[in-house]
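In: Sharing a sequence plus its predicted fold:
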Amino acid sequence: MSAISRDDVAHLARLAHLEMSEAELETMASELAVIVDSIAVVSEAAGDDVPATSHPIPLTNVFREDVVGQTLTQEEALLNAPDSEDGRFKVPAILDGE
Amino acid sequence: MSTTEELVDFDVALEKYDPVLGFEVHVELNTKTKMFSDAPNAFGDVPNTNVTPVDLGLPGVLPVVNKTAVEYSILIGLALNCKIAESCRFARKNYFYPDTPKNFQTSQYDEPIAYDGYIDIELEDGEVFRVEIERAHMEEDAGKLTHMGGSTGRIQGAEFSLVDYNRAGVPLVEIVTKPIVGAGKRAPELARAYVGAIREIVKNLNVSDAKMERGNVRCDANVSLMLKGADKFGTRSETKNVNSLRAVEHAVHFEIERHAAVLESGQKVVQETRHWHEDTRTTTSGRPKSDADDYRYFPEPDLVPVVTTPEWIEELRARLPEPPAERRKRLKAEWGYSDAEFRDVVNAGMTDLISDTIAAGATPAVARKWWMGVVSGLAKTQDVDAADLGVTPATIVELQGLIDSKKINDKIARQVLDFVLAGEGTPAAVVEKRNLAVVNDDSALGAAIDEAMAQMPDVVAKIQSGKVQAIGALIGPVMKATRGQADAARVREIVLEKLGM
Amino acid sequence: MGSKNLDIIRMSAAELAAALQAGTVTSVEAVQAHLDRIAAVDPGENGVHAYLHVNAEEALAVAAEVDALRAADETLHPLAGVPIAIKDLIVTKGQPTTAGSKMLEGWMSPYDATVIEKIREAKLPMLGKTNLDEFAMGSSTEHSAYGNTRNPWDLGRIPGGSGGGSAAAVAAFEAPLALGTDTGGSIRQPGAVTGTVGSKPTYGGVSRYGAIAMASSLDQIGPVTRTVMDAALLHELIGGHDPKDSTSLNEPVPALVAAAEQGAAGDLSGMRIGVIRELQGEGYEPGVQQRFDEALELLRGAGASIVEVSCPNLQYALAAYYLIMPSEVSSNLAKFDGVRYGKRVVPTEGPVTIERVMGSTRAANFGDEVKRRIILGTYALSAGYYDAYYGSAQKVRTLIQRDFDAAFAEADVLISPTSPTVAFEFGAKSDDPLAMYLNDVATIPANMAGIPGISVPGGLSEGLPVGIQFLAPAHEDARMYRAGAALEALLEKQWGGPLLAQAPDIEAAIAAAGQGEVA
């Protein structure tokens, strides 16, 4: 189950939007292999009859009433924007060239 | 962008293949606030003002579920004859895109709030088709991207894009059908009718503004073909954001022709996203589904499960309005329209207006006469939706009242309506101000009639001799004397009265 | 530094609050004394470097306001005017918040965290923002993008992490109170290795709104102080229901101050203290084990009955934690993409698309440990691995909760060493992520189960502090304050004062280190 390859890491890095150099991919692959080996034990710990716990303290039905609250101004919204134009966040092209 | 596709004629295609359809319809709820934040859920405001730190995904923020959005979702589930989950959760769908402020969408994954439902779709000729609903789940909308610098405003060729997060976090319910088989040649028609029915249901529930042109209801249409008699579905394409009823019909029609051409040429259909182009009425290839679509769903740790009780569900069920199809059946019977008359009313989208007009005091025949005759005629000449003309049921009732009390005649009533729509006031006020009341003051009318009779003794003689239709010759001069405002029927009555007939 | 200043900075928060109320010290004096101390020991090559930002102007203004209100006999919160330091993972208006990452360099939050709103309302002057491992990922504060924080007990050693800045600030008398966040021990482990008190409340006991999320189902904000009583006072201030946090408990804050008072009175009769068999012995340094055993004897002497309990599934806790935490991390940190905020980095070669800008922004601004956890979490959640990894880890969580339920049937509180080792030297474990992760073996189980835990000073091993951890059932935070205060009182009686009184003179140590480097 473990044995994480450089290609595996490259795929994960693409999913996670982390550009990585060849050297980084190699290092990460070997580090992850060790870590994953040591944590793979979890798959043997619990049988099928054990339910999963996603929240440590079980709560249900926490809701908000449908009442408008305070909003940010456009200036506040754009305060930390790396780039903006016309009151909107500006981002580079989504597609490459034509 | 890909080049022109080869197509096989629709009828030819369907001699050999059966189409299988599937729809994912996104409905924007019309709650006051967003799904997970208390920012206003409003359309068209100044960019990036209907946002809180939560909607921008600022560091440290947390979501809180809008109770009304949950209730609206349950209402939709109930209206689609779904089972409502006793317990369900939110999940994170992880993918990076600049209109998604957290780079994950908070949605529902393996635990939708509603599942296993159906709706019966009535096609125009009355054939009923059952569409099974797989699930309806809650999620949030993304922000709005505007692509700049290209010639088309499309993503292709754009130099940069601008992002407005006002729409980010608006509550959505995604309604997913099970595969729809057996529609055959009626597939495009069924597609249109299905989306129309969903739109009608959510509008009737008053949980969405349901305006497709504003994106309140958006449809992704899945189409695949299989050889007649086969039991395994073909590969499907998913045409995104088909945003009018007409477009849904055309997109399904087009995809059937395109799939058939691909299959006939011996190639395989690619499982991919297609984009609909209204201008050319074609689809083009989007990105193929790849390993990049590993959304890494997991339970949203910042939100706790939604648990429904039978009491809560029943309380909501009691709020359900009459289903549109049943309502139509009832109204048709109540109004006494013929099949053809009623179908015309439904197809013209006049059901509610006529119903409201009848409720305001008009008879069914009068309401139909006005809306289907006068108002839809006006709408046609002005090329707008009849509902958007500004005619209200109260105006209709008032106009008809003026006619019935013989203050005005039909012809003048139409002029009055024009003045009302021009903003000159209520029908009565317009009649008053413009002095349009027909002259049925008998003394004034009587004088004009006396005058006419005195000038045309030969006509009077004819009438007295039994040729009653000769009265017509008197009406012209009377009208002239009263500047057209005499009621012709009354003139006739008075003449006969005066002659003791 | 004047002697009044020295007296002020060495007061506990409770003592300082009393002095403010009595009028023997003003809040402005208190804030200024701490600002002077910060200026003396924090900056420079060999300084403690607990702070990333010092908020002098605002802190003095709030202090002056408190002094004026007190002069006008206005009703004030008991801690009004007592200064506090804030872990730089908690967002604040008017001060930068970096999360210890280059990603957020210069970022100014347009909103306050809920705990910050409470602190403003109670009028505690905020001295500034403290250093941490980047996005709270680490056990040594070596993963901060802004340099190491030094342990006041030995400037060549780590102050623990991720909240090394808050712990060091409190240990070096640069603040009487601080806020921390604890995802796997980030409050308690720094507390242990700096000889201070760190408390992680029951999950949901303190609002997480405005704490930059690391792992949402594990994170909790809590107090970092020098005494158990101070932790109780601060915990009561920041605790309570918050409608902005859906996982916030909708129940009153327990009576923690009363519990600490009761414990400090010394009587533990009737209290059953459970020693967790799996959290001692092998892997724990002998000096740590020795202080732990002595603590048990003291508690027994005070009337507590010591019982041994077993939590066999704790053997899986670390592994499960290193699946759940990175999974949530990979998703929580996705938002840092240079679109809405964050230092955008445009690739210098190849096409400039938004996807590549996000990729280079994240590559350039995240440190190695953050990247490691993001990749690990992406792996654990990805198609084909989810059930084996994330799914299994969630089941382990259930098993750990069951173990604790069983243990709490036999004991009122549980006890263990907080950390298996004392503070290690810089660089000792930075090349070995697994060795670093093992530091949290005793603290992680509480986060996995959502139960509260507190670390109190337990003495020294080879001149470095050892921490003793108490755990209580969920919602029963009061119990650990009672036990913690009792142990603190018993030990201080032995030591003749607080443990920190034995700490070396930092100003002298900094000067010596400087000369050493010159030589």
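Out: Okay, I see it. Residues are numbered from 1 along each chain as shown, chains lettered A, B, ... in the order given.
In: quick one, what contacts C:Gly2?
Out: Neighbouring residues of C:Gly2 by CB atoms under 8 Å, 6 or more residues apart in numbering or on different chains: there are none. Where you see a C-beta, it was placed from the backbone N, CA and C, and this is true even at glycine.
In: what about it, distance to chain A?
Out: 41 Å (CB to the nearest CB, to the nearest Å).
In: Which helix runs longest in the chain?
Out: I went with chain A, as the question did not name one. helix A:22-39 (DSSP state H).
In: Oops, wrong one, chain B.
Out: Under DSSP H, chain B gives helix B:245-264 as its longest helix.
In: on that earlier part again, just checking, next helix/strand downstream of the longest helix of chain A?
Out: Note on helix A:22-39: by DSSP states H and E, the next helix or strand toward the C-terminus is helix A:42-45.
In: what about that next one, average pLDDT?
Out: Across helix A:42-45, pLDDT averages out at 90.
In: And for stretch C:9-25?
Out: 97.
In: how long is that stretch end to end?
Out: From its first residue to its last, stretch C:9-25 covers 11 Å (CA to CA, to the nearest Å).
In: How about residues contacting it?
Out: Contacts of stretch C:9-25 (CB under 8 Å, 6+ apart): C:4, C:8, C:26-27, C:30, C:33-34, C:37, C:66, C:70, C:78-82, C:173-174, C:176-177, C:225-227, C:229-230, C:233-234.
In: what's the offset of that stretch from the middle of its chain?
Out: 23 Å (CA atoms, centre = their mean, to the nearest Å).
In: what about stretch B:24-39, how long is it end to end?
Out: First-to-last residue span, stretch B:24-39, CA to CA: 27 Å.
In: And that stretch, what's buried?
Out: By neighbour count with 16 or more other CB atoms under 10 Å in any protein chain shown, stretch B:24-39 contains the buried residues B:24-31, B:33-39.
In: which one among those residues gets closest to B:Val131?
Out: Nearest to B:Val131 among those is B:Val25, at 10.9 Å by CB to CB.
In: State whether that closest one is indeed within a helix.
Out: No: B:Val25: not assigned to a helix; according to DSSP: H, G, I helix; E, B strand; the rest coil it is strand.
In: got a list of what it touches?
Out: B:174-175, B:195, B:198, B:217-220 are the contacts of B:Val25 under CB under 8 Å, 6+ apart.
In: at 7 Å what do you get?
Out: B:Val25 makes contacts with B:175, B:195, B:198, B:217, B:219, as judged by CB atoms under 7 Å, 6 or more residues apart in numbering or on different chains.
In: Tell me, please, the helix or strand in chain A that averages the lowest pLDDT.
Out: Least confident element among the helices and strands of chain A, by mean pLDDT, DSSP states H and E: helix A:42-45 (a mean of 90).
In: Pull out the buried positions in it.
Out: Those would be A:42-43, A:45, for helix A:42-45 by 16+ other CB under 10 Å.
In: Residues contacting it, please?
Out: C:313, C:316, C:319-320, C:323, C:388-389, C:392-393, C:396, C:399.
In: same deal with stretch B:303-310?
Out: A:55, A:59-62, B:63, B:65, B:70, B:84-90, B:113, C:246-247.
In: Could you tell me which residues of the stretch 201-350 of chain B lie near chain C?
Out: B:294, B:296, B:298, B:301-304 (CB under 7 Å from any CB of the partner chain).
In: Any chance of TSV for those, columns pLDDT and neighbour count?
Out: Supplementary listing: these in TSV, determined by pLDDT from 0 to 100; neighbours: other CB atoms under 10 Å in any protein chain shown:
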residue	pLDDT	neighbour count
B:Asp294	90	18
B:Arg296	96	26
B:Phe298	96	25
B:Pro301	97	24
B:Asp302	98	23
B:Leu303	98	23
B:Val304	98	23
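In: Give me the distance between the residue in the stretch 101-250 of chain B that chain C sits nearest to and C:Lys335.
Out: Ranked by CB to the nearest CB, the top residue of the stretch 101-250 of chain B for proximity to chain C is B:Asn103, at 3.5 Å. Separation of B:Asn103 from C:Lys335 (CB to CB, to the nearest Å) stands at 6 Å.
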